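Engineer: Based on what follows, work out the 3D shape:
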Amino acid sequence: MKFASLAVLGLALGLAACSSSSDTDAAAAGRGGAGGAGGAGGIGTSPLGGPGSGNFRPGSQEELAGSIGDRVLFATDSVQVGADQRPVLSRQAEWLNRYRQVQVTIEGHADERGTREYNLALGQRRANAARDLLVADGVASTRIQTISYGKDRPVELGSNQTAWAQNRRAVTVVR
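Structural biologist: Numbers count the residues shown, from 1 in each chain. Modelled structure (predicted):
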């Protein structure tokens, strides 16, 4: 009986050791990859050049997050989409122009610092900035809604620079 238990435990450990990093990479790509700006993640790339495994239902949230990138990050107290984040929105616009039936909501977020009211307004301006760039790239404004969650929905918990940087974001969500 002990031998059978040890064999099962050994098999489980062996399988865990053999697992690839593609699961971790896909999870990172689902969060927008390297800071939401794309980066090298997953197994392959989509036709639009973003990170991801390419095994997603076309036009789905999973494809957007995993192959294109679903978020852009912002500097402290800023609503300007940085040059390093613009390629994510350009890929999103190409993707949305390919899947014209898809409608999205852009969620604006802020880090925990500041008042609730300030962060709600900041999140709304961030969502609007992302929407405006998508519209400038040819996406019909009628397909895009915006909402602000301010500091109410952090993606990263913590009171440090790393957490704050991940929480200052605009996330595109398929409806």
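
Engineer: Next, count neighbours for Gln113.
Structural biologist: Not Gln; residue 113 is Arg. Counted with other Cβ atoms under 10 Å, residues neighbouring Arg113 total 14. Using the backbone N, CA and C atoms, a C-beta is placed for each residue, glycine as well.

Engineer: That one contacts Ala163, doesn't it?
Structural biologist: No - shown here, Arg113 and Ala163 do not form a contact pair, counting by Cβ atoms under 8 Å, at 10.7 Å.

Engineer: Could you find the closest non-adjacent residue to Arg126?
Structural biologist: Gly108 (4.1 Å; Cβ to Cβ, 6 or more residues apart in numbering).

Engineer: Need the pLDDT of the one you found.
Structural biologist: pLDDT for Gly108: 98.

Engineer: which residues does it contact?
Structural biologist: If a contact means Cβ atoms under 8 Å, 6 or more residues apart in numbering, then Gly108 has 122-128, 130, 146-150, 170 as its contacts.

Engineer: Filter these down to the buried ones.
Structural biologist: Among the contacts of Gly108, those classed as buried by neighbour count (16 or more other Cβ atoms under 10 Å) are 122-128, 130, 146, 148-150, 170.

Engineer: quick one, strands of this structure?
Structural biologist: 44-45, 51-52, 71-73, 104-109, 144-150, 169-174 (DSSP state E).

Engineer: export those to TSV and tack on distance to Ala83?
Structural biologist: Converted to TSV, the strands of the chain look like this (distance: least, Cβ to Cβ, whole Å):
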stretch	distance to Ala83
strand 44-45	21
strand 51-52	19
strand 71-73	11
strand 104-109	19
strand 144-150	22
strand 169-174	16
